[in-house]
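Q: Coordinates for the following, if possible.
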Amino acid sequence: MKLLVVSGGGHPYEESTPVLEKFLLDSGHSVNISWDAGILSDATKMNQFDALIFNTKRSDETALSDEQIIGMKNFIREGKGFVCIHISGCIPDSWKEYSEITGGGWDLKESFHPPYGKVQVKISDPNHPCVIDVPDFITDDELYMGIKYKEGNNVFIYASSQDQTHQWRNEDVFMPGGDFPLGWTRKYGEGRVFVTLLGHDGLSFLNPQFQKIILNGVTWVTDSV
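A: This next block holds a predicted model:
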């Protein structure tokens, strides 16, 4: 498949994007990396791709322009695939409707997470195509909390946490325990959407089960292309 990866923004993408590119190429995909989101507004260029992969944080000074938003929405809505990794689902103040595509993502005001560390990832739906042959696994990552999820998400992985208190933005914040979805699929128009909240840094991307889930996700979102 021909894949466009848009990267860049306030995360260690200089670590993670090269790892992403390598395992996509090793799996036989054609990969174009763009650190400039301007390509999203060029329908002629976008139409050559089967799927768009976001490994990027687009908020504040890196937020998408109106033209880029329109181009991205049309690309997915008309039947192409979208893969959204980690904070790529961040909902900017300038585009609150983004969650209609993703089904939920990092909220700049309300979301939080415990310190980066070991996360026990559990399979919630072993029959979901994105976790075929993927067992429960431990990875190095962040466990996102305070996410507002939309209806229509088919969740396939999650993590559990106990009540805890951690420093967050220089304050002690109580983080209630529970089960937290970490990956799901959904539809947007005619397009298929895959979202995972995993994938903070290069080490996260090196986890073989994480890679398998991403590759399965690419297969799923492009299945109807």
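
Q: Do you know the pLDDT at the spatially most central residue of the chain?
A: In the chain, the centroid-proximal residue (CA atoms, centre = their mean) is Ile85; its distance is 2.0 Å. For Ile85, the pLDDT comes out at 99.

Q: average pLDDT for the longest strand belonging to the chain?
A: Longest strand of the chain, by residue count under DSSP state E: strand 178-188. Strand 178-188 shows a mean pLDDT of 98.

Q: Tell me which other helices or strands it touches.
A: Using 3 or more CB pairs under 8 Å, 6 or more residues apart in numbering; DSSP states H and E as the contact test, the elements touching strand 178-188 are strand 154-161, strand 191-196, helix 208-221. All C-beta spots, glycine's among them, are computed from the backbone N, C-alpha and C.

Q: ranking those by burial, who's on top?
A: When those are scored by mean count of other CB atoms under 10 Å, the highest mean neighbour count falls to strand 191-196 (a mean of 25).

Q: Alpha carbons of the helix or strand following that one, as CSV, please.
A: The first helix or strand that comes after strand 191-196 along the chain, using DSSP states H and E, is helix 202-206. What follows is helix 202-206 as a C-alpha-only set of coordinates in CSV (Å, rounded to 0.1, in the frame of the first residue of the first chain):
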residue,chain,number,x,y,z
GLY,A,202,11.1,5.3,19.9
LEU,A,203,11.2,2.6,22.6
SER,A,204,7.4,2.3,22.5
PHE,A,205,7.7,1.8,18.7
LEU,A,206,10.3,-0.9,19.0
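
Q: Summarise which helices and strands helix 202-206 is packed against.
A: Using 3+ CB pairs under 8 Å, 6+ apart as the test, helix 202-206 ends up in contact with helix 13-26, strand 137-141.

Q: With mean neighbour count and mean pLDDT as added columns, please give these in JSON lines.
A: Listed next are the helices and strands packed on helix 202-206 as JSON lines, based on neighbours: other CB atoms under 10 Å; pLDDT from 0 to 100:
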{"stretch": "helix 13-26", "mean neighbour count": "17", "mean pLDDT": "99"}
{"stretch": "strand 137-141", "mean neighbour count": "19", "mean pLDDT": "99"}
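
Q: any chance of those in TSV, plus distance to Ser65?
A: As requested, the helices and strands packed on helix 202-206 are exported to TSV (distance: least, CB to CB, whole Å):
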stretch	distance to Ser65
helix 13-26	20
strand 137-141	30
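
Q: related to what we said a few turns ago, which of the helices and strands packed on strand 178-188 sits closest to Leu40?
A: When the helices and strands packed on strand 178-188 are compared by CB to CB, strand 191-196 sits nearest Leu40, at 14.0 Å.

Q: quick one: that closest one to chain centroid distance?
A: 8 Å (CA atoms, centre = their mean, to the nearest Å).
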